[in-house]
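J.: Just need the structure, nothing else, for what follows:
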Amino acid sequence: MEELFVCPECGSENVEVIRERGRELTLRCNDCGNVWHITLPKFRKVPLIVSKHERSFKSEAELPEGEEIRIGDIVETEDDEVRITGIELEGDKRVERARVEEVKTLWGESLTYPKVVKVSIYLPKGVTQAFKVKVSRDDEFVVGEVLEVEGYTFRVEKIKTERKMLHHGKARGDEIIALMGHHIPRARARRKLEVYRGYRRESNDELGRS
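T.: Model prediction:
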């Protein structure tokens, strides 16, 4: 990734490197003529286990030493964008945050792969029809809206997110864990949700379309 420099005097991004010695750089602003020196951070490659639902893959993240990494942070790999869900130190100790040089392994969720959400549709006589569906991470879901899955229409009565259970309001697909509501026969759905068929099947379909 190309480094972007900003002049501390005028804020211009029209900056060039006029001298480089290891991680020591001398920069000049082509707009105001200001010259200054910086030291680039030292980067460390940290093992990263990336989850794509039921499958996990080994990767690594290149992170600057001396900085802190926290659960919820987003890091980039060569081919993915990953939200950190776990931080492991030596001795298999799990923590909420740590300095980069202390980390043994990071765990994370791929943000380039669709979010999979559980759907529970309540039928008569205490029967529940359950599905797993794919949703866009940017889509919003609202309590009260009518949706359809595999021919079943239902009104969303509860939305379970990573933080709480919603009985009103809305949430983005990226933070939703489950949608729940009663079956409404012959209702007109606002949209249809696509059933998730497993990592292998989804990956094969992607290859077939490429």
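J.: residue farthest from the centroid of the protein?
T.: The outermost residue of the chain relative to its centre, with distances by Cα atoms, centre = their mean, is Gly33 at 40.5 Å.
J.: helix/strand/coil for it?
T.: coil (DSSP: H, G, I helix; E, B strand; the rest coil).
J.: repeat for Thr85
T.: strand.
J.: The residue lying closest to Val82 once chain neighbours are set aside is in what secondary structure piece?
T.: Nearest non-adjacent residue to Val82, counting by Cβ to Cβ, 6 or more residues apart in numbering: Gly108, 3.8 Å away. In short, each C-beta sits where N, CA and C put it, glycine included. If you go by DSSP states H and E, Gly108 is part of strand 103-110.
J.: partner strands of that strand, parallel or antiparallel?
T.: strand 43-52 (parallel), strand 81-89 (antiparallel) (DSSP bridges).
J.: just checking, next helix/strand downstream of that strand?
T.: Toward the C-terminal end, the helix or strand that comes next after strand 103-110 (DSSP H and E) is strand 115-122.
J.: So what are the sheet partners of that next one and their directions?
T.: strand 128-135 (antiparallel), strand 176-182 (parallel).
J.: Would you state the helices of the chain in chain order?
T.: In the chain, the helices defined using DSSP state H lie at 199-209.
J.: rewinding a little: tell me how far the residue farthest from the centre of the chain lies from Ile69.
T.: 38 Å (Cβ to Cβ, to the nearest Å).
J.: same question, Val15
T.: 28 Å.
J.: got a list of what Ser110 touches?
T.: Val50, Ser51, Lys52, Asp80, Glu81, Val82 (Cβ atoms under 8 Å, 6 or more residues apart in numbering).
J.: Let's check: the centremost residue of this protein is which one?
T.: Centroid check for the chain by Cα atoms, centre = their mean gives Leu111 as the closest residue, at 3.5 Å.
J.: what's near enough to touch that one?
T.: Here Leu111 is in contact with Ile74, Asp80, Glu81, Val82, Arg83, Arg137, Asp174 (criterion: Cβ under 8 Å, 6+ apart).
J.: In those residues, which residue is surrounded by the most others?
T.: Val82 (23 neighbours; other Cβ atoms under 10 Å).
J.: And the pLDDT at it?
T.: pLDDT, Val82: 95.
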